[in-house]
Structures are given as C-alpha cells and as structure tokens.
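>>> Need a 3D model of the sequence below.
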Amino acid sequence: MWNFMEKSWKGAGENAMWAVMTVVVVFKYTAASEIPLGPDTPLPPLSKLSSAKPSPFLAVHLVDIIYSYCFALRLYNGVWQSDATGSAMVVLSVSSALGQGGQPETFLEALSYCLEQTCSPAFRQMGGLQFGLGLVDDVTSLLTLGTPALLCLLRDLQRMVQAGETGLKSEKPRKSRRVEIRSKLKQAERKIDFVMCWVHEQPGEAWSSIGAIVRAEKTSAMS
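Numbers count the residues shown, from 1 in each chain. Model prediction:
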C-alpha cells in the first residue's frame, strides 16, 4: 500500500508536510495501522453503471464527501470503527450529497453547507467555523495526494457506511426510523461507489485544479 501511495506524495511542493500530517491524522497512519486499503476489486467503467452522462458537478460532490469523511474521522479520533453507525450518521448529517440527496453545483455551495452543519448546535462544540476551515485544509491536502489516496479514502468511507448499516441492526430505533436510516445509508453507499468509479477515470492533474478552487473559496470566506 505504501508503494501504491508513494508516487502521489511526490511533487506536493510546499504543502507536502501538511499533506503528510493530514494523512497521519485523517488516515491514522502509524507503525501499527495502515493507510486504508483501496477498492477490493477492479472498478468498472462509468458506462457500465449508467447510460446517462455523469453529472458535471461530481467534482463539487467529491469535495462535499471528502469534507464529511474528514469531519467524522476528526470527531472519532481517526477510529470510526469505535462507533460505525455513529460515524456514518455524522457523515449523513454533514454531507449534502450523501445525507440530503443534495446536488450542489458550486464549490461555494457545497462548502457553505458543510460549514453550516459544522457550526450547527449539534457539532459546534468541535470548534465551529475555525474547526470547519481546518477541515477545508484537510480536503485540499488530500486532493494533492491524487487519485490513489482519493480511492483509498472513498473505499474506507464506503466501508464505514456499510458497517454503520450492519451496526444499525443491533440498535433499537423505531422501526420506521430504522428503515429511513437504512435507506439513506444504502443511497450513500451507491453514491460513493459511483463517485469512486468517476475519480478513477479522471486525469491526475484534475485534483490540483480542484484544490486550487477550494483554497480560493476558503480565502474568500475568510475575507
């Protein structure tokens, strides 16, 4: 896995050290634990998943999804397995694309929603806007690591959602509520799978361009 990631670490420029630190914190990379494994099987082409043309806003949705993943890992100190269902529910709460069936069309729209949830009463004890802006830095740093890192991230998020659905069976929400949550988790799992296949087909230089836009939106939000 380290060899799989190594090429993505090269050329990160002055952001390289922060990118490394992000992986340490967000991916929990230590001598005792590995960067999350990537997809278990070869990813199918998008044309096999849908005959329709992919949304032109999938890059925006990806940023929304990465932010929610980073939020959950920060909240659970990098160990989402300690409460898979809770972690998955946090992702659904923070992500418009995964939790609300949202279709944000601009990076500003996506980030604004994520930051609004971060500053909401449910999560503001994490640090509010300052914490949220730090998560935006996490997003841009992970983008600099390129396609292999993004595939590992998305597959780990998919495992989180799947484990959350399994854990839901042992909890005791009302039946109607359990059915609603399970439906949302299933939809999120399918969305992640589609985005993962989309990421796999994108040119490597796409991520630096997206990262630059996200950094610009952060700067704008702070001014």
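
>>> Quick check: phi and psi on Pro54?
phi -60, psi 150 (degrees, to the nearest 10).

>>> quick thing: my sequence starts at 27, can you match it?
Got it, the first residue is 27 from now on, which makes the last one we talked about Pro80.

>>> okay, it: pLDDT?
In this model, Pro80 is scored at 89, pLDDT.

>>> burial measure for it, as a count.
15 (other CB atoms under 10 Å). No exception for glycine: its C-beta is placed from N, CA and C like everyone else's.

>>> quick one: contacts for it?
72, 224 (CB atoms under 8 Å, 6 or more residues apart in numbering).

>>> immediately after the longest helix along the chain, which helix or strand?
Assignment by DSSP state H gives helix 201-227 as the longest helix of the chain. Downstream of helix 201-227, the first helix or strand assigned by DSSP states H and E is helix 232-248.

>>> which residues in the chain form strands?
With DSSP state E as the criterion, the chain has no strands.

>>> Would you map the helices across it?
Going by DSSP H, the chain shows helices at 28-35, 42-52, 72-75, 84-101, 110-120, 122-125, 133-144, 154-170, 173-194, 201-227, 232-248.

>>> who touches Gln228 in this structure?
By CB under 8 Å, 6+ apart, the residues touching Gln228 are Thr173.

>>> hang on, I meant Leu176
So Leu176 contacts 88, 92, 168-169, 225, 233 (CB under 8 Å, 6+ apart).

>>> quick revisit: mean pLDDT added to the helices of the chain, as JSON lines?
Shown next, in JSON lines, are these (pLDDT from 0 to 100):
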{"stretch": "helix 28-35", "mean pLDDT": "40"}
{"stretch": "helix 42-52", "mean pLDDT": "43"}
{"stretch": "helix 72-75", "mean pLDDT": "90"}
{"stretch": "helix 84-101", "mean pLDDT": "96"}
{"stretch": "helix 110-120", "mean pLDDT": "95"}
{"stretch": "helix 122-125", "mean pLDDT": "95"}
{"stretch": "helix 133-144", "mean pLDDT": "95"}
{"stretch": "helix 154-170", "mean pLDDT": "93"}
{"stretch": "helix 173-194", "mean pLDDT": "93"}
{"stretch": "helix 201-227", "mean pLDDT": "90"}
{"stretch": "helix 232-248", "mean pLDDT": "91"}
